[in-house]
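1. 3D, please:
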Amino acid sequence: MNETARTAPAEMPTETSHVGPRPGRPEIVAGLAAYGLLYAGVICYLTHANLPGAASGVVEFSLSAAMGLGAFAVAALLRIRRLAPFGVRRASGRSLLAAIGFGVLAYLLSAIVSLLYQTLTGDHRNIQTGYHSAAAGGMLWYLATAVTGFVATPIGEEFLFRGVLANALSRYGAPISVLVSATIFALVHGINPVLPVAFVVGVINALLLRRTGSVWPGVVVHGVNNGLAISLPVLAALATN
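-> Numbers count the residues shown, from 1 in each chain. Sure thing, here's the model as predicted:
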C-alpha cells in the first residue's frame, strides 16, 4: 500500500485509495440528467394513472425507489463501474446502530423545521396523503408501504444523492458536499412542507457518509425517518377512533 492510501481519510475514498477513483462531474451530470428524465416520466404517469388511495402510496414509493436506483445505475456504469467508490460498501454494526438514533433525531428535527416552514409560508399542504392511506389500509398494505417506503426508496435515493452527488462534490470540501447535495435533494421533493424535511435528512446523511465512507448508515437514517413520518400519524388516527 502506498503512502497516500495509508494516510487518506477513511471516511471519504480518494483517487488513490483501494476503492478506486471517486465519482466526479460526469457522474453528477449523468445521474441528475437520468433522474430528471425518470422524474418527468413518473409525473406524467401519475397524472394520468388515477390510482386509488392505498395503491397510490405504494406505487409512488416504488417509483421513487426506481428513479433513484435507475439514475444511480446510469452514473455508476458511465465509467467507474464499481460500487465501493460510491460508498456502497460495508458499514460497521456500531455505525448502523447509531444510525437508528440519528434517524429518530432526523425525524424530530424535521418535524420542527417543517412546522416552521408551514408557519412562515402558510403552506399546510399534506402531499403524503397517498402514503398515509397505504399505511392505514391494513396489514398487507402497511407491509407493502414499509418495503417500498422504508427500505427501497431510502436505498434508491441514498445511492444517488449521497453515493453519487455528495461523494462527487466532496472534492470541493465538506461544506459544498454536505450543503449542496442536501439542497438539491430537498429541491427535487418540491417546494412544499417536505422540502425542509429532506434538507435535514440530506445534511445528516451527507455527514454520516463523510464519517463512515458508506451510504448504509444514511439508508438506515432515511428509513427510520420515513417509517416514523408515515407510521405515527396512522397510529395516532387509530388511537382516536
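2. please make it C-alpha for all contacts and neighbour counts, starting now.
-> Will do.
3. okay, and the helix or strand of the protein with the least pLDDT?
-> Every helix and strand of the chain was ranked by mean pLDDT, DSSP states H and E. The lowest is helix 3-7, at a mean of 42.
4. let me know the next secondary structure element after it.
-> Downstream of helix 3-7, the first helix or strand assigned by DSSP states H and E is helix 25-49.
5. show me what that following helix is in contact with.
-> 63, 67-68, 70-76, 78, 160, 164-165, 168 (Cα atoms under 8 Å, 6 or more residues apart in numbering).
6. can we see that at 7 Å?
-> Around helix 25-49, the neighbours that count as contacts under Cα atoms under 7 Å, 6 or more residues apart in numbering are 67-68, 71-72, 74-75, 164-165, 168.
7. drop anything exposed from the residues you listed.
-> 67-68, 71-72, 74-75, 164-165, 168 (16 or more other Cα atoms under 10 Å).
8. nearest to residue 21, of those residues?
-> Closest approach to residue 21 among these (Cα to Cα): residue 168, at 10.0 Å.
9. right, and that closest one touches residue 23 too?
-> Yes: applying Cα atoms under 7 Å, one finds residue 168 in contact with residue 23, separated by 4.8 Å.
10. just the endpoints, please. Distance across stretch 77-92?
-> One end of stretch 77-92 sits 27 Å from the other (Cα to Cα, to the nearest Å).
11. buried sites along that stretch?
-> Those buried within stretch 77-92 under the rule 16+ other Cα under 10 Å are 80, 83-88.
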